[in-house]
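Q: could you work out the structure for the sequence below:
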Amino acid sequence: MKSTTLTFRLGALLLLALFLIGCAAQVYSEKGAITTVILIRHADRDLGSDELNDKGKLRAKALVNALSHIEVDAIYSPNKKRNINTVRPLSRARDIKINVIETSDLAELIVKESSGKTSLWVGNTSNLDQIFARFGGAGTGPNIYGDLYILTLSHNKLEKLEKLRFGGSGSL
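A: Next up is the predicted model:
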């Protein structure tokens with residue numbers, strides 16, 4: 001009987017802890033600021049290669065036009081050649097440094113460094129869903145080549161989500 005009660009209590013505590021972690025996991029803008037975060041996956045590459053293929057190089061160039069109507073204040077990328085090469089044309093066109101960072105605590109970093117501004121994260125399928133969820137997004141992140149998600153964050157919620165495409169037919 002004691003074993004069953006202890007197991008139940010431990011299970012209940014674990015569920016509560018997971019619930020609290022899930023609630024605390026979302027990151028929004030600082031109070032009084034509207035922050036915009038743009039999430040994209042790196043451009044096309046051949047399986048097993050860290051280099052963009054020809055289609056990927058064209059898509060990277062198309063990103064410049066796709067974001068021509070949006071002021072971008074900061075660009076963030078993991079230290080992967082395909083990611084950096086995806087945003088390099090935008091970086092050069094806008095004269096914005098690419099901030100190469102690790103993906104841990106990325107959401108907090110973006111809000112801390114770019115609250116009230118617009119930042120772009122070029123990610124991978126291994127991190128985009130998690131980062132999207134941290135900003136309050138539901139479902140999958142922009143995991144398909146050419147997906148472009150624009151998230152508008154207030155201090156307590158995801159205010160607006162635009163799911164767009166770039167660099168192909170039916171794209172910006």
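Q: hey, let's count contacts and neighbours off CA atoms from now on
A: Noted.
Q: so which helix or strand takes in the residue nearest to the spatial centre of the chain?
A: Nearest to the geometric centre of the chain sits Leu39, at 4.0 Å (C-alpha atoms, centre = their mean). Element membership of Leu39, judged by DSSP states H and E, is strand 35-41.
Q: Ile34 and Glu71, how far apart?
A: According to C-alpha to C-alpha, to the nearest Å, Ile34 stands 14 Å off from Glu71.
Q: neighbour count winner among the two?
A: A side-by-side neighbour count of Ile34 and Glu71, using other C-alpha atoms under 10 Å, places Ile34 first with 18 against 12.
Q: so that one is in contact with Lys157, correct?
A: No - in this structure, Ile34 is not within contact of Lys157 by C-alpha atoms under 8 Å, at 10.2 Å.
Q: can you list contacts of the strand holding Leu39?
A: If you take C-alpha atoms under 8 Å, 6 or more residues apart in numbering as the criterion, strand 35-41 is touched by 29, 83, 111, 114-125, 128, 132, 142-154.
Q: can I get it as CSV, trimmed to CA atoms?
A: C-alpha atoms of strand 35-41 as CSV (Å, rounded to 0.1, in the frame of the first residue of the first chain):
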residue,chain,number,x,y,z
THR,A,35,9.4,42.2,-30.8
THR,A,36,9.4,40.5,-34.2
VAL,A,37,11.2,37.2,-34.7
ILE,A,38,11.6,35.7,-38.2
LEU,A,39,12.3,32.0,-38.3
ILE,A,40,13.5,30.2,-41.4
ARG,A,41,15.2,26.9,-42.2
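Q: show the pLDDT at Ser115.
A: Listed pLDDT for Ser115 reads 92.
Q: burial check on it, number of neighbours?
A: Neighbour tally, Ser115, other C-alpha under 10 Å: 23.
Q: how far out from the middle of the chain is stretch 98-116?
A: On the basis of C-alpha atoms, centre = their mean, to the nearest Å, stretch 98-116 is displaced by 10 Å from the centre of the chain it belongs to.
Q: and for Lys117, the neighbour number?
A: Residues near Lys117, counting by other C-alpha under 10 Å, number 18.
Q: mind listing what it touches?
A: Residues near Lys117 by C-alpha under 8 Å, 6+ apart: 34-36, 72-73.
Q: kindly recompute the last result at 6 Å.
A: By C-alpha atoms under 6 Å, 6 or more residues apart in numbering, Lys117 lies in contact with Thr35.
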